[in-house]
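Asks: just the structure for this:
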Amino acid sequence: MTDTHYTLLASLLIDIECALRRANLWSNEPPSADALASVEPFCVDTMDFQQWLQFVFLPRMQDLLDSRSPLPLSCNISAMAETVWAANTQAGAVINVLRTFDQTITGTP
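Replies: Residues are numbered from 1 along each chain as shown. Sure, this is the predicted structure:
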């Protein structure tokens with residue numbers, strides 16, 4: 001993985017945050033330590049998907065990028081977003097950025 005690839009992914013993380021904010025899906029209140037300790041996929045038992053993106057996915061991905069750690073071989077966060085926000089017309093931009101992130105991290109066009 002090249003530095004350019006890591007930089008592009010870091011830029012997409014910023015785009016995800018901006019899209020969440022524009023869609024009013026950003027929270028000023030962090031979830032509890034118990035909520036963050038969930039072992040369920042996407043912490044579905046303790047928080048909303050947008051909270052998981054903000055407080056789990058974005059920080060973990062940023063840590064991987066900052067340390068130049070190996071990245072996941074597959075990523076399909078946009079599929080979950082499409083399911084969760086099927087009726088939320090404001091979330092379209094978030095879904096699009098997540099789709100781009102999925103494609104970029106896996107190297108698919």
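
Asks: residues touching the residue nearest to residue 74 when sequence neighbours are not counted, list them.
Replies: In this structure, residue 74 finds its nearest non-sequential neighbour in residue 106, 5.7 Å apart by C-beta to C-beta, 6 or more residues apart in numbering. The C-beta positions use only the backbone N, C-alpha and C, and glycine is treated the same way. Contacts for residue 106 (C-beta atoms under 8 Å, 6 or more residues apart in numbering) come out as 73-75.

Asks: what helix or strand does residue 51 sit in?
Replies: helix 49-52 (DSSP states H and E).

Asks: now this protein, which segments are flagged as low pLDDT?
Replies: 1, 109 (pLDDT under 70).

Asks: again, only using 90
Replies: 1-5, 41, 72-74, 106-109 (pLDDT under 90).

Asks: got the residue ranges for the helices in it?
Replies: Assigned by DSSP state H, the helices in the chain fall at 3-22, 33-36, 49-52, 58-66, 77-84, 92-106.

Asks: re earlier: what's the helix holding residue 51 packed up against?
Replies: Packing contacts for helix 49-52, counted by 3 or more C-beta pairs under 8 Å, 6 or more residues apart in numbering; DSSP states H and E, involve helix 77-84.
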